[in-house]
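based on what follows, work out the 3D shape:
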Amino acid sequence: MAIQEKSSTIQVLGSLIKQPDLLSETNEYKIEVNDFPEKFHRIIFAAIHNLYNSGDVEVIDSVVIDGFLSQYDVQYEIFNQNKGLEYLETIQEMAEVENFDYYYGRLKKFSLIREMDGLGFDISEVYDETIMNPREAEELQKKFDKMSIEDILGIYENKMVEIKDKFESDSEARGIQAGDGVDELLDRLKGSPNVGLPLNSPMLTAAASGARLKKFYIRSAPTGHGKSRNLIGDACKMSAKGWYDSKLGEWVQNQFDVNSVVISTEMLFEELQTPAIAYIADVEEDKILLDTMTEEEEERVRYAANILKSSNIFFEFLPNFDVTDIERTVEKNIIKNGVEYVFFDYIHSSISILSSFAKDSGINLREDQILLLMADKLKQICNKYSIFLMSATQLNGEWKEAWRKGQEIDQSFIRSSKGLIDKVDLAAIMLPLSNKEEKEIEEILSQGFYKKKPNFVTHIFKNRGNKHTKLKIFSYINMGTMRIVDLFACDIENTLIPMDLLEIKNKEVQEVDTE
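Numbering: from 1, shown residues only. As a prediction, this is how the structure comes out:
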């Protein structure tokens with residue numbers, strides 16, 4: 001006997017007859033023929049679906065469905081054998097459209113269970129009709145009723161992870177003689193230096209040697225200072241098909257065509273799309289949101305929207321997540337979308353994070369311990385999947401006083417967990433230009449080499465494997481478009497430092513002196 005719940009089938013089919021426009025709400029409901037295990041029910045659903053999508057009928061009822069099926073001999077015979085007309089009248093009377101969401105969820109849960117069973121998975125720990133003990137059967141049924149589709153998928157995804165861990169070798173756990181493969185390494189570096197793709201900031205790109213695979217960067221900022229928006233700018237720099245160059249007055253093509261994903265924990269998709277369009281079009285986001293664009297700007301925005309549609313940029317929304325959710329989302333985008341560059345909007349605790357670590361460890365960990373473990377897991381994900389990952393953190397309340405006094409900015413101002421910086425390859429904090437900095441760079445600006453005045457400073461305090469550490473990059477950032485103009489770099493005493501930028505073309509690198 002097919003695994004199903006007849007009451008859910010009756011309610012869903014009856015509701016679709018009474019309110020067929022539910023089929024148009026494809027973002028909410030994804031009903032397929034295979035959600036109904038019995039051929040009789042599949043025939044009824046197919047008839048409703050085809051009638052609704054044809055647009056030829058205003059009302060769908062038992063008579064209309066009967067007339068539609070009468071055109072198909074095999075289906076109509078099955079329909080009549082099951083007293084189809086009488087069945088349709090009954091389910092319409094029983095249907096509770098106001099409870100459609102509940103019955104739809106039940107229908108999809110049983111559909112998922114059948115799918116997993118058909119693939120050969122053992123479903124008995126989730127659903128088992130063969131249990132003879134009434135108490136055990138009742139307990140399992142209660143457990144199943146409480147589970148969501150995501151809960152069920154999580155069980156089987158965890159099983160697959162366990163199987164992979166069991167049979168896949170750990171690429172991190174191995175040893176070599178110190179000189180093994182060294183000649184090949186030098187030959188490879190000679191032909192292809194260890195430099196990644198350009199970030200949105202040219203000087204940050206130079207300092208970090210670009211966005212490199214298997215590297216984890218953190219660029220933090222105070223609340224409301226563009227942590228997530230800067231990550232969107234970086235994603236566009238790598239993956240947008242092109243953008244508008246206001247200096248040239250024309251659209252330019254991006255020579256890189258890599259795939260990236262922005263994983264948001266707070267911003268909705270629309271809130272991610274508008275800054276991306278603003279960046280590509282070089283039109284400030286407020287003008288787009290308030291509809292105050294000129295005719296020429298609106299044309300650019302429409303063109304930018306088409307570029308965004310064709311670009312290999314993907315958005316994910318994880319409002320309440322744990323580390324398993326993050327890894328699952330990364331793995332999905334690697335497999336499905338070919339992603340190599342991941343931007344996770346910022347590291348913070350959530351209800352799911354707290355409960356998952358407590359469950360795994362058996363103790364209630366402090367927030368700083370949880371954030372450290374989370375950073376460690378993100379670094380593991382970088383290495384495991386050979387991706388580049390960039391994220392951010394919140395700052396604690398002490399940053400503002402230190403910033404005002406012109407003190408050195410470092411991991412001391414990371415909120416809740418300074419230790420997580422140990423797990424990253426590059427760490428920086430982006431702050432507005434302070435009054436003290438403004439006074440100390442007056443001489444640099446007076447030389448007249450810079451057309452813009454900096455409004456932000458990126459304080460780099462960790463930069464594993466690169467020569468520039470304790471570096472300050474002075475930039476002008478248009479927060480409306482997330483376009484960055486880097487002006488100059490200084491040490492922590494605000495003394496000018498010459499920087500060699502990296503001009504990265506088709507993964508070939510040459511140094512450009514900007515002293």
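
show me where pLDDT drops low in the protein?
Within the chain, the ranges that satisfy pLDDT under 70 run 1, 158, 160-177, 185, 188-194, 349-365, 505-515.

rerun at 80
Of all residues in the chain, those with pLDDT under 80 make up the ranges 1-2, 26-27, 55-58, 154-179, 182, 184-194, 320-323, 348-370, 416-419, 503-515.

for it, which segments count as strands?
When assigned using DSSP state E, the strands of the chain occupy the ranges 216-220, 242-245, 250-253, 260-264, 313-317, 341-344, 388-391, 426-432, 456-463, 471-478, 483-490, 496-497, 500-505, 508-513.

what sits closest to L445 if chain neighbours are left out?
Closest residue to L445 apart from its sequence neighbours, by Cβ to Cβ, 6 or more residues apart in numbering: K453 at 6.7 Å. Glycine gets a C-beta too; all of them are placed from N, C-alpha and C.

correct me, but that neighbour touches S475?
No: using Cβ atoms under 8 Å, K453 is not in contact with S475; the gap is 10.5 Å.

those two: which is more packed in?
In this view K453 and S475 are compared by other Cβ atoms under 10 Å, and S475 has more residues nearby, 23 against 12.

how much space between that one and A211?
Look at S475 and A211: by Cβ to Cβ, to the nearest Å, they are 17 Å apart.

again with T324
Look at T324 and A211: by Cβ to Cβ, they are 25 Å apart.

more neighbours, the two?
Neighbour count, other Cβ under 10 Å: between T324 and A211, A211 has more, with 27 against 17.

would you mind splitting this protein into its domains for me?
For the chain, the domain assignment from automatic domain parsing gives the residue ranges 6-119, 121-164, 195-513.

how distant is the first one from the center of its chain?
A distance of 34 Å separates the centroid of the chain from that of domain 6-119, by Cα atoms, centre = their mean, to the nearest Å.

okay, how far is it across that domain, tip to tip?
One end of domain 6-119 to the other measures 23 Å (Cα to Cα, to the nearest Å).

tell me the bridge partners for the most centrally placed residue in the chain.
By Cα atoms, centre = their mean, the chain has its centre lying nearest to I263, at 2.4 Å. Under the criterion DSSP bridges, I263 forms beta bridges with E316, F344.

report the contact partners of it.
Neighbour list for I263: E316, F317, L318, I326, T329, V330, V342, F343, F344, D345 [criterion: Cβ atoms under 8 Å, 6 or more residues apart in numbering].

quick one, what contacts the fifth one?
Which is T329. Neighbouring residues of T329 by Cβ under 8 Å, 6+ apart: V261, I263, E316, L318.

which one of those residues has the most neighbours?
Tallying neighbours with other Cβ under 10 Å puts V261 at the head of the contacts of T329, with 24 neighbours.

residues near the nearest residue to E408 once chain neighbours are set aside, how many?
Distances taken as Cβ to Cβ, 6+ apart place I492 nearest to E408, at 5.2 Å, with adjacent residues excluded. I492 is flanked by 15 other residues according to other Cβ under 10 Å.

please tell me how far I492 sits from R219.
Using Cβ to Cβ, one gets 18 Å for the distance from I492 to R219.

hang on, F256 packs against S239?
Yes: counting by Cβ under 8 Å, F256 touches S239, with 7.5 Å between them.

and those two? Which one has more around it.
Neighbour comparison, F256 and S239: the larger count goes to S239, with 25 against 18 (by other Cβ under 10 Å).
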